[in-house]
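# next one to model:
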Amino acid sequence: MKKLLISLALVMTLIVSFATPTFAADPTVTITMAAKIIAITNSQATWTIGAVEVDDVVYFSATGAQDDDYSRITNTGNVAVDIEIQGTDAEGGAYDWTLSNTGTPGDQIYSLKANSEATPTVYDILVKSAAYVDLYADLAASDTYDWSMKFTAPTAFHGSDAGANKTATVTLVASEHV
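As a prediction, the model looks like this:
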């Protein structure tokens, strides 16, 4: 009987030791993430043209003469972006000046065009008030884009508006490049 009890105790010990699972440390998954940041800066925030005559052409530069890389857009975000541009009518004085959506100046109508970095002396991007237009596509994070604008004064002014200061705004927006 003593042998039988010892044998049963040994079998029970073996069953318990095989039946009890052993566990390793809990497995983990490390997750790394960052928020998408869409942001740009532009090196030149103002453009004071001063008094213009009919049909005058003035460039967005330190001197008013053509300067193909006067302003610099920097992608300060962490994803590639597309940049669009839009202008407004020039307000002030007795008569506002309308921003041409065709690129052709007229009576109380002025024109703005931007250049592309690929062709820095060609102002081929029409800045409109009616809609945003593409200025640059796929600007990588931390990259820069040099640009400028060309202003063409109206073909006629109303005499009673002579000398009145006018203000317009150009807005640059960035969206994630897809």
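
# burial count for the closest residue to residue 97 other than its chain neighbours?
With sequence-adjacent residues excluded and distances taken as CB to CB, 6 or more residues apart in numbering, residue 97 is closest to residue 90, at 4.1 Å. C-betas here are computed from N, CA, C, even on glycine. Residue 90 has 23 neighbours, counted by other CB atoms under 10 Å.

# swap in residue 137?
By the measure other CB under 10 Å, the count of residues near residue 137 is 11.

# before we move on, back to that, hmm, residue 166 and the residue nearest to residue 97 touching each other?
Yes - counting by CB atoms under 8 Å, residue 90 touches residue 166, with 3.9 Å between them.

# any shared contact partners between the two?
96, 97 (CB atoms under 8 Å, 6 or more residues apart in numbering).

# residue 108 and residue 98 touch, don't they?
Yes - the pair residue 108 and residue 98 qualifies as a contact (CB under 8 Å) at a distance of 6.3 Å.

# ends of stretch 26-33, how far apart?
22 Å (CA to CA, to the nearest Å).

# where do the helices of the protein begin and end?
Per DSSP state H, the chain carries helices over the ranges 2-19.

# for it, which spans come out with low pLDDT?
The model of the chain has pLDDT under 70 over residues 1-24, 68, 162.

# for residue 113, which non-adjacent residue is spatially closest?
Closest to residue 113 by CB to CB, 6+ apart is residue 123, at 3.9 Å.

# what sits against that neighbour?
113, 114, 115, 148, 149, 150 are the contacts of residue 123 under CB under 8 Å, 6+ apart.

# for those, work out which two are farthest apart.
113 and 148 (9.7 Å; CB to CB).

# wait, residue 89 sits on residue 170?
No - with contact defined as CB under 8 Å, residue 89 does not reach residue 170; the gap is 11.9 Å.

# quick one, strands of the chain?
40-42, 57-59, 71-75, 81-87, 98-99, 109-114, 125-126, 133-139, 144-147, 149-152, 170-176 (DSSP state E).

# neighbouring strands of the second one in the sheet, and parallel or not?
Sheet pairing of strand 57-59 (DSSP bridges) gives strand 149-152 (antiparallel).

# alpha carbons of the partner strand, as PDB, please.
Written as PDB, here are the backbone C-alpha positions of strand 149-152 (Å, rounded to 0.1, in the frame of the first residue of the first chain):
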ATOM      1  CA  MET A 149       5.200  88.200 -59.100                       C
ATOM      2  CA  LYS A 150       4.600  90.700 -61.900                       C
ATOM      3  CA  PHE A 151       2.100  93.500 -61.400                       C
ATOM      4  CA  THR A 152       0.600  95.200 -64.400                       C
END
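
# now tell me what touches it from outside.
Counting by CB under 8 Å, 6+ apart, 47, 49, 52, 55-60, 66, 105, 110-115, 123, 127, 170 sit against strand 149-152.
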